[in-house]
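> Pasting the sequence and the predicted model now:
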Amino acid sequence: QVQLVESGGGLVQAGGSLRLSCVANDYTFGAFAVGWFRQFAGQEREFVGAINGRDDSTVYKDSVKGRFTVSTDNAKSTVYLQMDNLKPEDTALYYCAASLVVLSTPQLALQYDYWGQGTQVTVSS
């Protein structure tokens, strides 16, 4: 069973940066597709960005392009979500998710098999 753990959330002022991390127990991400999602209070999770562990290709939600970056370390043991120029509307609970197959539509939460518990990001104005 793959277990994902996110970390790095917190409180930051608008315009600031945070880097979220996602690690898996006893697994590396070389064969995974890993996505980042966020959930606003009272709403469904929305796609933020994703990376294909096989070729490091990435895809992003339009509203975060140029501000957020998904990457892995050289060992592919950790997937990061670097968030720059944060805005109050980025405040949400952020999750990482993983799939063992290449995803044709990584934006769809239903395609992922494993989820972390989430880490809160709060951006103050």
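It's in.
> Please give the number of neighbouring residues around the closest residue in space to Gly116 that isn't next to it in sequence.
Here the nearest residue to Gly116 in space, its sequence neighbours aside, is Leu4; by CB to CB, 6 or more residues apart in numbering that works out to 3.7 Å. For glycine as for every other residue, the C-beta is placed from the backbone atoms N, C-alpha and C. If you count neighbours by other CB atoms under 10 Å, Leu4 ends up with 23.
> Which pLDDT does the model give Leu4?
If you check Leu4, the pLDDT there is 95.
> Could you do Trp115 as well?
According to the model, Trp115 scores 96 on pLDDT.
> who touches it in this structure?
By CB atoms under 8 Å, 6 or more residues apart in numbering, Trp115 lies in contact with 4, 95-97.
> beta partners of it?
Ala97 (DSSP bridges).
> what's the spacing between it and Gln82?
21 Å (CB to CB, to the nearest Å).
> And the residue nearest the centre of this protein?
Trp36 (2.4 Å; CA atoms, centre = their mean).
> Check the gap between that residue and Tyr112 for me.
11 Å.
> Need the overlap of contacts for these two.
Here Trp36 and Tyr112 share the contacting residues Ala97, scored by CB under 8 Å, 6+ apart.
> how would you label the residue nearest to Asp73 when sequence neighbours are not counted: helix, strand or coil?
Counting by CB to CB, 6+ apart, Tyr80 is the residue found nearest to Asp73 once chain neighbours are left out, at 7.6 Å. Following DSSP: H, G, I helix; E, B strand; the rest coil, the label given to Tyr80 is strand.
> Lovely, talk soon.
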